[in-house]
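J.: Predicted model follows, preceded by the sequence.
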Amino acid sequence: MADSYYYDVTTWPIGNPHTDIGEVINSIITDVKARQTDADSNNEGKPGATIYIPSGDYHLTTQVLIDISYLRIVGAGHGFVSSSIRFNTPKEEWNNLHEIWPGGSRILVDLPAINHGPEREGAAFVVSRKGNPRISSVEFANFCIDGLHFIDDGSGNNDPENTYINGKTGIYITDAQDSFRINGMGFIYLEHGIVIHDADALSIHDNFIAECGNCIELRGSGQASKITDNLIGAGYRGYSIFAENFGGLLITANNVFPRGASTVFFRNVSRSSITSNRFHAFYPGVIVLEGNCSENLIASNHIYRACEPWPPMKRYNNGLDDLFGIIRIEGNENSVIGNHISDIVDEINIRPEGTAPIIIRLVSGVGNYIANNHIVANTEGNNHNEETIEESCFSTQVEAVLATAKTHSIPVVAVHIDSGSSRNTVLDSGTESQVYLDVTANAFRPTPSLPGIC
Amino acid sequence: MADSYYYDVTTWPIGNPHTDIGEVINSIITDVKARQTDADSNNEGKPGATIYIPSGDYHLTTQVLIDISYLRIVGAGHGFVSSSIRFNTPKEEWNNLHEIWPGGSRILVDLPAINHGPEREGAAFVVSRKGNPRISSVEFANFCIDGLHFIDDGSGNNDPENTYINGKTGIYITDAQDSFRINGMGFIYLEHGIVIHDADALSIHDNFIAECGNCIELRGSGQASKITDNLIGAGYRGYSIFAENFGGLLITANNVFPRGASTVFFRNVSRSSITSNRFHAFYPGVIVLEGNCSENLIASNHIYRACEPWPPMKRYNNGLDDLFGIIRIEGNENSVIGNHISDIVDEINIRPEGTAPIIIRLVSGVGNYIANNHIVANTEGNNHNEETIEESCFSTQVEAVLATAKTHSIPVVAVHIDSGSSRNTVLDSGTESQVYLDVTANAFRPTPSLPGIC
Amino acid sequence: MADSYYYDVTTWPIGNPHTDIGEVINSIITDVKARQTDADSNNEGKPGATIYIPSGDYHLTTQVLIDISYLRIVGAGHGFVSSSIRFNTPKEEWNNLHEIWPGGSRILVDLPAINHGPEREGAAFVVSRKGNPRISSVEFANFCIDGLHFIDDGSGNNDPENTYINGKTGIYITDAQDSFRINGMGFIYLEHGIVIHDADALSIHDNFIAECGNCIELRGSGQASKITDNLIGAGYRGYSIFAENFGGLLITANNVFPRGASTVFFRNVSRSSITSNRFHAFYPGVIVLEGNCSENLIASNHIYRACEPWPPMKRYNNGLDDLFGIIRIEGNENSVIGNHISDIVDEINIRPEGTAPIIIRLVSGVGNYIANNHIVANTEGNNHNEETIEESCFSTQVEAVLATAKTHSIPVVAVHIDSGSSRNTVLDSGTESQVYLDVTANAFRPTPSLPGIC
C-alpha cells in the first residue's frame, strides 16, 4: 500500500471507520497530500489514490472534504433496499423482516437532521477547491450513502418518514470541476442525493438514486455531460433530474420512476438531449423546460403519467393541475419528436374538475418543432378504491401499470400552444380537435383522425 | 477479511473452489449469516458481503443458493469465446487452437445435462427467499458461467452441440426481488442464461450473453427495470429477451445478434420501451408483442433480418414463415416510430413461396400508432451458394452484412393490419401499395411513392 | 497470487513498473503463458489473468505485446485532466496549478514521439495474434494512457502542443478478435487513441477519450459491436469515431464534443446505427457516410455545429466549407429520422462567403429516407470578438452554448440531394424553399412553412 496509493478504510490506522468513516477518509486524503507534494517531476505528478470501502456499515459524523484530483472512493455494492416500504410497514412487523437497513458498503449519514438545512453543512461528501486546474477525475463508485430517516416537516401530517426532508446531502460539489464520475452508487433517504455546481464532462452512470428528496441537481452552469443508464426516483417535493444554465447535457437510457415532483427539470438549458428514457410519474409536470430553454431535443422517450396507487402516499402530490402539461416548454426551437406519452387518470382525479388535461404545453417561444408524438389518454382501469395498505407496494404498482383492459379514453389537449407564441410547427401529434394553437401564427398538420387514406 | 466481509474463493478454508465452487460459495454465505445475525443494532444491519472469484477455472457440482441481500459475487472477466465456432470446427484442428475453452473467472456448470430439465435444478446459482423485504441488491459481476456442451435433442440430427439444449441455467431467481444487478457477466452454452421471476428495479447491463438457448427471461411479473448496453444472442429455439406481465421495462442500447427465435418477446407487457437498439436476426418474428401488450414504444431501432449465411446452422430456423411479421403486435395503443427495418431475403428463401413478406403486422388491437418507419427489402446479394464451411463464421457473416451492392428489391407488405382491428394510424411507413389495412376502419397516410412535391 | 492469476504490477519481482511498466506487463504475460500450457484438461483451459495497476505514474518505454485471451488489465481511474488547457496556459502560471499532469493509474507513453510515425511502432499496447480462435475477451479498464506532448507538425505555426501529432497510439490491435472490452479508460494526448482491425462483438463503453488526434478507429472490417456511453473528443485533424467495412455497429448514448474533423466517419459501412447521441462539433462534416454506406440509421441525435469560440484554437479547422454538409451521405437506403440539428454560425464565418450552408447533403445514392429532422440555423449570439485568452476555456464554451438570445436565423439548405440521385424520400425536414432536390426523381413533402392547418 505504501507504494500503491491504495487505502482500505478498515485497515487504516487513524480513526475507526465504523464509528466515523469521515475522520478516516479525511485522514487518508491528508496522507495522500503529504506523499504527493511535487506536481511535476520527470513528467510525474500527483496521481491521486483509491480509497476502498468493503461491505459493511460505516457511521459518518465528520464531513469528508475532497480537494485533490484523481481520488477514487470505491465500495462493494450500492446496497439499496426500499426504506420507504419499510417505514410504511407497521413497526410490529419489523421483527419478521429479514433485513431492516440498506447494505453493501453503507455510509450512515449521522450529521444532524434538519428541516431544509444548508445543503453543504448536511453533506456527507463535499468536493471544494478553487484555482486551476479545476479539480478533475474524482470518482465515487459502488457504495451506499444512506440518510436513514426523514423528519417532520411541520405540516401537521405527523408522517415524518414520508417528508423527504432531513437536510442531508450525499455528495455536494461547490466548484467547477472536470471529468468526474459517479458510477454504481446508491443514494437513499437523503434530502439531496447529488448536488454539483459548474460541471464539465461529468458522467453519472448506472447508479441507483431513489427515495431521496431530490436525486441529481446540476447547478450554476455546465456543459458536455451525461446522465445515463440510471435508476432514479425522487420524492414528491423534489427533482429527479435538475439542470440550469447547461449546454450539451445528454440524458439517455435512464429508467426514472415516481414520485418526483418533476422527472427532468431544465432552467435555461440549451442544446441538450433527453432521448430513449423511460419516465414514470404520478403528477403533471413530468418534463419542464423553464426560462430560456432552446434547441433541446426530447425524443424516443416513453412517458407514463399515472396516479399514485399506493395508499400511504396518496395524500401527497406536487400541487400542479392537469393544465400544467405533462411536458411543459418555455423557449425556442426545441424538438419534441417521436415520444410515446400515456396520461392515465380517472376523470375524478382531474384538476381542475371537468377540464381536459394538457399533454404538451408550449407556454412561450418560437420555432419549436413537435412531431410524431403518440399521445394516449385513458382511465386507470384498476379498482384502486379497493386497495389497502395490506397489499404490497410492488404488487399495487405492477397491477396499476398492467391495468390497461377495463379503461376508456378521456379527452385531452394533446398540444397546447399558448397565445403569443408563433412560428411553431406541430405535426402528427394530435387530431385537429386535440390541438389548441393559433392557426394564424403556427403551422399544424393534425394526425389523421378518421379512417381512410389521406 | 474478518472485519471486512470480503471473501476470496481461492483462500477460503472450506472446500476447493476448483473442484466445486458451489460448496465454497455456500459455505461463505453460511459464514456471512453466522456473522450478521442482528438486523438492527445502532442503525446497523446485515450489510452482506463480497465474494471474489479470481481468473481461473472453477467446476460447480453443488448448486449455489443465495438467500441474503447485498451479496456481491464478482469475478475478473466474462471470458467469452465462441464455443459454437469451436464445436463446428473439425476436431482434428483442435490441436492447433490457441485456447479451447472460455476463460476469465469461469464457472464450469457440471450439474447433470438433461434434455429440457427443470430449470431450477439445473441452475448454477439459485436466488430464493420468501418474506419481507424482498431480497435486495444482490449483484453478479464480471464472471463467466459456462454450460460447456449442449446435448442431443432426439431429433435424429446427430448434431448435439448445435441443439442449445442441456437443461442448464446460469442464474435462476424464484421470488420477488428488488434492485438486483447483473453487470459485465458472460453466459455461454446454457439452455437458459438468466431466469428472473417478479423483478423490480432490476438492472441487466453491459453483459455478454450469447450462444445460450435463451438469454434473458423475465417471468411472473415485474416493473421499472432496465436491460441496457448488452451483447446478446440466443439460439434458434429460444428468446434473446423475454418478459411477461411487465410494466416499465426499458430495453435500450443493446446489440442483439442472431440467432434467437425472437429478439424481444413480450407477453402481456405494458408501458415498456424498446429504443435505440440494434437487432440482427435470421428469421421472421424479431419483435413479438403477444397477448395484451399495450402502450409500448418501439422506436429508433435498427432491425435487420437476414438469412442464415453460416453453413453449419443453415438447417435450423424458428419455423415461422414470412407472413408472421418482422414486428408482430397484439395489443392496443402501442407506438412504432422511426425504426429502420431491413428484410434481406432472396425470393427462393421466402415462405410461403411466392408471397410478399410482412414487415410490421398488427394482428389485433386498436389505437396503435405506426409512423415514420423506413422499410427496406432486398435480396441478399452475396453468392451464398459458394460458401463452404472452410470460410470462417466471422468472414461469412461480415460479407453477408456488407453485401448491399448486387441486390434488387423485393415486394413486401410494409404494414399489415389484420381485419377486425380499427382506429389504428399508419403514417409514412410504406407506400399505398405496400400497406394492407381496412381503410374504413383505420387512418393511413402513405409514404409518397412517386417523385414530386406532395 | 500463485493460485489466482492476479498480478499487481507494483509487487511483481521483474522490472520496475514506475520506470518501465511495459517490461513488467510483458514479463507477467510470459509468466501466465508458462503457467497455462494445457488448453484442454478436465475441460479446463487457459483462463487468462488480471493485471492490476494501482493509482500512480508509470513510464512505458517497452511496448506491451498481448497474445493471450482473457487478459484483463485494470487500473484505478482514468485520471483525465485537460492537457490542452494546461499547454495553452502561460508557463509562468504553472507554478500555481494544483496538478500539472493527468493522474489515476497513468501510463506515460515514453516511446519516441514522431510526426505521423507508424502507428504500431508508437503504440503503448499492441494486441496481435494469428490463428484460431481469434484472440478473445481481452479487457482494458480504468486506467489512463497519456502521450504527454504533441510535437511540431512542420507547418511553421510553432504551436507543437496543439498539433495532435506525436506518432503515439494507446491500444493497437492488428488481428481479428472477439468480445474485447474497453471500459472506463482514459486516453489523452495520443495521435491515435484506439485502433482496432477486424472487430467482432467489441464493446467500447464508458470511457473518456479526449484531446487525442483520433479517438476510435475501427479498421479492416467488423461486425456486431457497440460504442456506447463514452465521452469523446478528437483533434481538428482526426476522427472521433471511424469505422470501415463494418456491419451492425451500434453507436449510442455517447457525448462527443469538439474538435474532431468529423464526429462519426463511416466508409463502406452498412446496417449500422447512430442513435441517441449528443454531438457537438466546430466544422462541417459532423457525420460522414462515404463510399457504399447503406441501410444505416441516424436517429434521435442532437447535432450541434458551432464555431470555435476558444482563442488558442481559432486558427485551426478541418478545411471543409459549409456546402460539404453537416451530415453527408453516399449510399443507398439509409435512414435519417428525428434528429435535431443546430448549425450556429455567423454570416461572416460562412465559406464560401455568401452561400447558404447545407445541413443534410446526399451526394449519391437511392432509396434514402430523410424524415422529421428539425433543422435550426442561427447566428452565434455571443460577442466572440471580445473574448480573450484570459477567459477560461470552460466559461468561453459554456457561454457559447448558452448564447441563444441575441441571434437571428440564417438561410440554409436543409436537405440537398445532388443531381443524379433518385428515389429518395424527404419528409418534414425543411420547407419547400429550404430543400434542394430533383423533384422529377425524388419524393418530397416539405415541412409546413406557413401558419395554418395543412
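T.: Cool, the structure landed.
J.: For the residue in the stretch 301-450 of chain A that chain B sits nearest to, grab the count of nearby residues.
T.: Nearest residue of the stretch 301-450 of chain A to chain B: A:V401, at 2.7 Å (Cβ to the nearest Cβ). C-beta coordinates here come from the backbone N, C-alpha and C atoms, glycine included. Neighbour count for A:V401, taken as other Cβ atoms under 10 Å in any protein chain shown: 29.
J.: So for it, what's the pLDDT?
T.: With respect to pLDDT, A:V401 has a value of 85.
J.: Which helix or strand contains it?
T.: Per DSSP states H and E: A:V401 is located in helix A:393-402.
J.: same question, A:G325
T.: Counting by DSSP H and E, no helix or strand carries A:G325.
J.: Spatially nearest residue to it, not counting backbone neighbours?
T.: Distance criterion Cβ to Cβ, 6 or more residues apart in numbering or on different chains; nearest residue to A:G325, sequence neighbours excluded, is A:R361 at 3.0 Å.
J.: what do you get for A:Y189?
T.: For A:Y189, ignoring the flanking residues on the chain, the nearest one in space by Cβ to Cβ, 6+ apart is A:G147 at 4.0 Å.
J.: What of A:H408?
T.: In space, A:H408 is closest to A:T379, 5.6 Å off (Cβ to Cβ, 6+ apart).
J.: Who are the contact partners of that neighbour?
T.: Taking Cβ atoms under 8 Å, 6 or more residues apart in numbering or on different chains as the criterion, A:T379 is in contact with A:I344, A:V345, A:D346, A:E347, A:T407, A:H408, A:S409, A:I410.
J.: And for A:N207?
T.: With Cβ under 8 Å, 6+ apart, A:N207 has these contacts: A:H78, A:I182, A:N183, A:G184, A:M185, A:G186, A:F187, A:N230, A:L231, A:I232.
J.: so where's the longest helix in chain A?
T.: The longest helix of chain A (DSSP state H) is helix A:17-35.
J.: Report all helices and strands that whichever helix or strand comes after that helix contacts.
T.: Following helix A:17-35 in sequence order, the next helix or strand is strand A:49-53 (DSSP H and E). Contacts defined by 3 or more Cβ pairs under 8 Å, 6 or more residues apart in numbering or on different chains; DSSP states H and E place strand A:49-53 against strand A:6-8, helix A:17-35, strand A:71-75.
J.: rewinding a little: quick one: buried residues of the longest helix of chain A?
T.: A:17-18, A:20-29, A:32 (16 or more other Cβ atoms under 10 Å in any protein chain shown).
J.: Include pLDDT and distance to chain C when you put the residues you listed into a markdown table, please.
T.: Formatted as a markdown table, those follow (pLDDT from 0 to 100; distance: Cβ to the nearest Cβ, whole Å):
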| residue | pLDDT | distance to chain C |
| --- | --- | --- |
| A:P17 | 97 | 19 |
| A:H18 | 97 | 24 |
| A:D20 | 98 | 24 |
| A:I21 | 98 | 19 |
| A:G22 | 98 | 21 |
| A:E23 | 98 | 22 |
| A:V24 | 98 | 18 |
| A:I25 | 98 | 15 |
| A:N26 | 98 | 18 |
| A:S27 | 98 | 17 |
| A:I28 | 98 | 12 |
| A:I29 | 98 | 13 |
| A:V32 | 98 | 9 |
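J.: contacting residues around the most centrally placed residue in chain A?
T.: For chain A, the residue nearest the mean C-alpha position is A:S240 (2.1 Å; Cα atoms, centre = their mean). Contact analysis of A:S240 by Cβ under 8 Å, 6+ apart lists A:N214, A:C215, A:I216, A:I232, A:G233, A:A234, A:V256, A:G260, A:S262, A:T263, A:V264.
J.: What is the nearest of those to A:H374?
T.: A:H374 has its nearest neighbour among these in A:T263, at 18.4 Å by Cβ to Cβ.
J.: That closest one belongs to a strand, doesn't it?
T.: Yes - using DSSP: H, G, I helix; E, B strand; the rest coil, the assignment for A:T263 is a strand.
J.: Distance-wise, check it relative to A:G285.
T.: Using Cβ to Cβ, to the nearest Å, A:T263 is found at 9 Å from A:G285.
J.: Compare neighbour counts for these two and give me the winner.
T.: Counted by other Cβ under 10 Å, A:T263 and A:G285 do not tie: A:T263 has more neighbours, with 32 against 22.
J.: Give me the residues contacting the longest helix of chain A.
T.: A:5, A:7, A:9-10, A:12, A:14-16, A:48-49, A:51, A:53, A:56-68, A:71, A:73, A:107, A:124.
J.: so what are the domain limits for chain A?
T.: A:1-212, A:262-454 (automatic domain parsing).
J.: Just send these back as a markdown table, with distance to B:G338 too.
T.: What follows is these, written out as a markdown table (distance: least, Cβ to Cβ, whole Å):
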| stretch | distance to B:G338 |
| --- | --- |
| domain A:1-212 | 25 |
| domain A:262-454 | 5 |
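J.: I'd like to know which of those domains lies nearest to C:G319.
T.: Taking the domains of chain A one by one with Cβ to Cβ, domain A:262-454 is closest: 24.8 Å.
J.: Tell me the residue of chain A that sits nearest chain C?
T.: Counting by Cβ to the nearest Cβ, chain A gets nearest chain C through A:G247, at 2.8 Å.
J.: In space, what's closest to that residue - neighbours in sequence excluded?
T.: C:V401 (2.8 Å).
J.: Return the helix or strand in chain A with minimum mean pLDDT.
T.: helix A:393-402 (a mean of 87; mean pLDDT, DSSP states H and E).
J.: roughly how far is that helix from the heart of the chain?
T.: 21 Å (Cα atoms, centre = their mean, to the nearest Å).
J.: and A:S203, what does it touch?
T.: A:S179, A:F180, A:R181, A:I182, A:N183, A:S225, A:K226, A:T228, C:D206, C:F208, C:L231.
J.: Just the closest of those to C:N115, please.
T.: C:F208 (25.9 Å).
J.: confidence score at the closest one?
T.: The model's pLDDT for C:F208 equals 98.
J.: isn't it right next to C:F80, touching?
T.: Yes - assessed by Cβ atoms under 8 Å, C:F208 is found in contact with C:F80 at 4.7 Å.
J.: Need the residues touching each of these two.
T.: With Cβ under 8 Å, 6+ apart as the test, C:F208 and C:F80 both reach A:S179, A:A201, C:G186.
J.: what about burial for the residues you listed, which qualify?
T.: Neighbour-count burial (16+ other Cβ under 10 Å) is assigned, among those, to A:S179, A:A201, C:G186.
J.: Count the residues that sit near the closest residue to A:D438 other than its chain neighbours.
T.: Nearest residue to A:D438, sequence neighbours excluded (Cβ to Cβ, 6+ apart): A:S419, at 6.0 Å. Residues near A:S419, counting by other Cβ under 10 Å, number 10.
J.: ranges for the strands of the stretch 301-450 of chain A?
T.: For the stretch 301-450 of chain A, the strands defined by DSSP state E, counting those that start in this stretch occupy A:302-305, A:327-330, A:335-337, A:340-344, A:358-364, A:369-371, A:374-378, A:413-417, A:425-427, A:435-436, A:443-445.
J.: Please identify the deepest-packed of these.
T.: strand A:335-337 (a mean of 30; mean count of other Cβ atoms under 10 Å in any protein chain shown).
J.: So for the residue lying closest to A:F150 once chain neighbours are set aside, what's the pLDDT?
T.: Spatially, and ignoring its direct neighbours in sequence, A:F150 is nearest to A:T163 (4.6 Å; Cβ to Cβ, 6+ apart). Looking at A:T163, its pLDDT stands at 97.
J.: isn't A:T163 right next to A:H149, touching?
T.: No - in this structure, A:T163 is not within contact of A:H149 by Cβ under 8 Å, at 9.7 Å.
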